[in-house]
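Asker: just a sequence and a predicted model for now, questions to come.
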Amino acid sequence: MTTNRHTHEPNPPAEDDKLRGLLANLDEATTLLGEAPDFAKPGKVSRVLDTARRVLLQPGGAAALETRAKAFEEAGVFLGSDWATPQYLLPSLTTHALKSPDANTVVIEAMSELRLLAVAKGEYLHALISAEQAHHYLTQVLAINLWLLFSAPSEAERETQGRLAQIPRYLFHHLAERIGYEHIIDKLIEEIWRILQQRPIQVEAVKQMITQIAICQADPNIDLGSSGQGADRLVSSLYGPTRASREDPGLEIYRERLGSMDNTALQGEATGFARAMHDTGLVSPYHPVLLRHLLDHSDHLLSEALGLSSTGRDCLLCYRELAHALIRGAVHPATPQAVYGLSLMLERGILYQPPVAPAMWRQLGLPLSEWSQARLNLAFGEAVSPRARLLEGVLCMLGLPLGVGQGNNPTCQSARALSMWAYNDPDYLLQMVAWAARDDDIIMHFEGMPLSSMASESGVADTLPMDLDPVSLIVVPHLDRIYAEMGRRCIGREGDPHRWVNPEFHGWWAGRGFRINVDVATGQLHELDTFLRHFYASYHPYYNGNQPLIHPQPAGIAVTDNAARFIGWHAITILRVSLDPDDVMRVYFFNPNNDSGQDWGDGVLVNTAGKGERFGEASLPFEQFASRLYIFHYDPLERGELAQVSQEELDQVTQYIHRSWGIDRVPAADLQADAGPRSPDQ
């Protein structure tokens with residue numbers, strides 16, 4: 001069994017040659033800094049920080065710096081800075097330092113925390129702060145920055161920090177292992193549930209966190225006290241969701257137990273697994289063992305184990321041979337999430353679309369290119385065949401089309417396209433997967449001209465992304481190059497290239513009508529009032545004749561951070577607009593940025609659950625969403641008149657814009673006119 005709650009993580013790898021070389025350079029730079037007089041230290045410290053940055057990006061780098069904490073502090077790394085007085089440091093300020101675009105700020109913050117870790121563990125007797133104080137400080141820092149433990153860098157971090165954004169993540173994994181997860185376990189559980197509510201396809205990071213919680217529970221040396229009260233449901237969902245698997249017996253013993261069960265006992269097992277799976281979105285490695293066992297029993301039990309409603313059950317019975325083949329091909333203990341993907345795919349009923357079932361048969365027997373096999377093995381290991389791994393990815397994407405994430409890559413356009421096809425045109429997605437995985441090439445057309453991903457130049461991403469789900473891993477590099485090539489074909493045209501690229505790239509249903517509120521040449525806001533009235537007329541049910549959105553539409557937003565400062569442009573999908581349970585009109589949208597629950601500043605808090613969201617959707621009140629929108633598409637043949645929106649409502653949206661990403665894009669006179677009172681909800 002690959003995941004046993006009683007098996008601790010392996011020890012960190014020994015220092016490799018590269019790390020040893022960097023540490024030798026660091027030790028030399030630290031010695032030179034220590035020997036320099038105080039007035040000359042500022043000139044010497046930059047070499048220490050630059051070398052430490054490279055050390056922190058290596059496996060085992062944080063541990064190596066922890067052992068050198070006393071040496072680099074005594075040499076004068078913190079001299080003359082706020083970090084020189086650790087007893088006055090505030091945990092709440094660490095977030096800003098770790099998200100800084102300045103490499104030295106990130107590195108000195110990391111070195112400070114590793115210094116306090118050495119103090120907390122009793123390895124460094126500090127004159128200004130006790131071990132207890134250092135421990136308390138670090139537990140607060142871990143709790144405040146919990147997202148760093150298992151989330152990929154956000155759009156804002158990618159734009160401002162680049163590879164530097166990985167340093168806080170490596171640092172915090174080391175801190176959590178050394179300080180102990182029991183001190184942050186309640187916040188950890190809360191965060192896990194928040195992520196799971198969004199039903200992402202990629203759940204390995206969450207599973208690792210749950211495994212850490214299980215290890216904490218099982219370790220007699222760890223006293224969790226009153227913390228971890230909500231952990232049992234998470235741990236049991238992976239390691240013992242049913243009566244026969246409750247004590248986590250191991251796969252072989254569980255398989256033997258199934259062989260001696262009657263139908264009533266099997267029914268209990270099937271129901272237990274299905275309940276845990278649909279409750280959390282996580283699948284236990286024991287679940288595939290049961291599912292494969294039930295292939296030789298009744299389809300009724302198979303349906304129970306998948307947790308299907310009447311819709312899914314009918315689909316299972318109608319496409320029985322295909323469903324059985326998919327279980328044999330994709331569902332293994334090493335690919336447990338395939339069970340959830342299969343269940344939700346059957347629930348969606350997409351197999352009833354004539355091309356989908358034959359395309360799935362093709363996928364089952366698809367020969368993969370050497371490049372595709374190597375990519376899948378490199379990213380996911382060789383516990384199962386690359387074909388099974390890709391098939392798991394296909395099932396998950398078709399079952400969870402809004403669970404696609406872009407990882408730590410600037411490929412939001414490609415992630416959005418995959419999500420949109422899985423949501424709206426599944427047979428087209430399967431065609432893309434076949435071309436990319438089998439032929440190492442994708443052909444798309446731009447204004448009648450074929451574009452080959454193999455023949456296209458580089459894409460938006462500088463390197464091949466690896467932190468993706470199996471389908472994205474194979475298809476995104478091809479889509480990225482084609483998207484970039486479409487952009488190159490628009491060079492010289494007036495206006496924003498998305499006007500032509502989005503409908504060609506995403507599909508015929510993307511509206512050919514196009515609106516943008518920024519002048520591309522100057523970056524200044526342009527015809528904002530007209531833009532907003534068109535958006536209300538196209539999307540707001542009160543102004544568009546109560547016409548629901550039929551096809552998901554690509555749109556572009558201006559991403560802002562929690563201080564409402566402009567970060568960059570980002571691709572999302574508008575899914576629907578409707579009243580929430582509190583009768584507030586909301587826009588429900590898909591954000592490929594791994595975690596949709598974000599604070600965009602000025603009271604604009606993106607919601608992911610509790611306001612009528614379906615799994616994977618994000619939402620905002622209509623006017624708040626409109627305040628971060630900068631491009632949208634619409635059907636030019638639909639109602640074309642501008643919406644008669646009240647000036648008060650438009651002013652509210654405009655003020656949001658002028659206080660955030662539009663602050664430097666409007667004349668000073670307009671800003672003064674908008675400096676009125678804020679809306680009551682801020």
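Answerer: Right, received. Where do you want to start? Numbers count the residues shown, from 1 in each chain.
Asker: where does the chain have low pLDDT?
Answerer: The model of the chain has pLDDT under 70 over residues 1-15, 150-152, 154-157, 160, 221-228, 640, 667-682.
Asker: please parse it into its domains.
Answerer: 17-179, 242-352, 355-489, 513-673 (automatic domain parsing).
Asker: Asp496: which of these is closest?
Answerer: Smallest distance to Asp496 across the domains of the chain (C-beta to C-beta): 5.2 Å, for domain 513-673. Backbone N, C-alpha and C define where each C-beta goes, glycine included.
Asker: ok now that closest one, how far from the chain's centre?
Answerer: Remark: domain 513-673 is offset 22 Å from the chain centroid, using C-alpha atoms, centre = their mean, to the nearest Å.
Asker: which one of the domains of the chain lies nearest to Gln208?
Answerer: domain 17-179 (7.0 Å).
Asker: could you pull up phi and psi at the residue lying closest to Cys412 once chain neighbours are set aside?
Answerer: Using C-beta to C-beta, 6 or more residues apart in numbering and skipping the chain neighbours, the partner closest in space to Cys412 is Ala571 (4.2 Å). Backbone torsions of Ala571, given as degrees, to the nearest 10, read phi -90, psi 130.
Asker: hmm, back to that, save the domains of the chain as a markdown table, and put in distance to Glu191 and mean neighbour count too.
Answerer: Below are the domains of the chain laid out as a markdown table (distance: least, C-beta to C-beta, whole Å; neighbours: other C-beta atoms under 10 Å):
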| stretch | distance to Glu191 | mean neighbour count |
| --- | --- | --- |
| domain 17-179 | 5 | 18 |
| domain 242-352 | 14 | 19 |
| domain 355-489 | 16 | 20 |
| domain 513-673 | 10 | 18 |
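Asker: let me have those domains in TSV, extended by distance to Leu188.
Answerer: Rendered in TSV, the data for the domains of the chain read as follows (distance: least, C-beta to C-beta, whole Å):
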stretch	distance to Leu188
domain 17-179	6
domain 242-352	15
domain 355-489	20
domain 513-673	15
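Asker: which stretches in the stretch 401-550 of the chain count as helices?
Answerer: When secondary structure is read from DSSP state H, counting those that start in this stretch, the stretch 401-550 of the chain shows helices at 412-424, 426-434, 470-489, 498-506, 528-539.
Asker: so which of those helices comes closest to Arg275?
Answerer: Counting by C-beta to C-beta, Arg275 lies closest to helix 412-424 out of the helices of the stretch 401-550 of the chain; the figure is 25.8 Å.
Asker: show me what contacts the residue nearest to Cys412?
Answerer: With contact taken as C-beta atoms under 8 Å, 6 or more residues apart in numbering, Ala571 is in contact with Cys412, Gln413, Arg416, Pro554, Ala555, Gly556, Pro592.
Asker: before we move on, what about Gly407?
Answerer: Residues touching Gly407, when contacts are defined by C-beta under 8 Å, 6+ apart, comprise Ala152, Pro465, Met466, Asp467, Leu468, Ser472, Asn594.
Asker: got it, and Ala29?
Answerer: Lys44, Arg47, Val48, Thr51.
Asker: A strand includes it, no?
Answerer: No. Inclusion of Ala29 in a strand is not indicated when DSSP: H, G, I helix; E, B strand; the rest coil is applied; the result is helix.
Asker: His498: which of the domains of the chain is closest?
Answerer: Counting by C-beta to C-beta, His498 lies closest to domain 513-673 out of the domains of the chain; the figure is 5.8 Å.
Asker: just confirm Val577 is within a helix.
Answerer: No. Applying three-state DSSP, one finds Val577 to be strand, outside a helix.
Asker: that one bridge partners, please.
Answerer: With DSSP bridges as the criterion, the beta-bridge partners of Val577 are Val587.
Asker: against Ala571, how distant is it?
Answerer: From Val577 over to Ala571 the distance is 19 Å, taken as C-beta to C-beta, to the nearest Å.
Asker: Asp602 too?
Answerer: The span separating Asp602 from Ala571 equals 22 Å under the rule C-beta to C-beta.
Asker: and if you look at Leu90?
Answerer: Separation of Leu90 from Ala571 (C-beta to C-beta) stands at 36 Å.
Asker: and Gln598, by the same measure?
Answerer: Gln598 sits 15 Å away from Ala571, taking C-beta to C-beta as the criterion.
Asker: which parts of the chain are strands?
Answerer: With strands called from DSSP state E, the chain shows them at 443-446, 449-452, 513-516, 553-560, 566-579, 585-590, 618-621, 629-634.
Asker: any chance of those in a markdown table with distance to Val119 as columns?
Answerer: Putting the strands of the chain into a markdown table (distance: least, C-beta to C-beta, whole Å) gives the following:
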| stretch | distance to Val119 |
| --- | --- |
| strand 443-446 | 57 |
| strand 449-452 | 58 |
| strand 513-516 | 53 |
| strand 553-560 | 37 |
| strand 566-579 | 35 |
| strand 585-590 | 45 |
| strand 618-621 | 41 |
| strand 629-634 | 48 |
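Asker: wait, which of the ones you listed is closest to Gly312?
Answerer: For these, the distance to Gly312 is smallest for strand 566-579, at 22.0 Å, taking C-beta to C-beta.
Asker: correct me, but Arg53 touches Val107?
Answerer: Yes. In this structure, Arg53 sits in contact with Val107. The criterion is C-beta atoms under 8 Å, and the distance is 4.7 Å.
Asker: shared neighbours, these two?
Answerer: Counting by C-beta under 8 Å, 6+ apart, the common neighbours of Arg53 and Val107 are Ile167.
Asker: residues contacting Tyr428?
Answerer: With contact taken as C-beta under 8 Å, 6+ apart, Tyr428 is in contact with Trp421, Gly507.
Asker: related to what we said a few turns ago, please produce CSV containing the helices of the stretch 401-550 of the chain, extended by distance to Leu301.
Answerer: Rendered in CSV, the data for the helices of the stretch 401-550 of the chain read as follows (distance: least, C-beta to C-beta, whole Å):
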stretch, distance to Leu301
helix 412-424, 29
helix 426-434, 27
helix 470-489, 28
helix 498-506, 41
helix 528-539, 46
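Asker: circling back: between the strands of the chain, which one is nearest to Val331?
Answerer: strand 585-590 (26.9 Å).
Asker: so what secondary structure elements neighbour the closest one?
Answerer: Taking 3 or more C-beta pairs under 8 Å, 6 or more residues apart in numbering; DSSP states H and E as contact, the helices and strands that strand 585-590 lies on are helix 412-424, strand 566-579, strand 618-621, helix 622-628.
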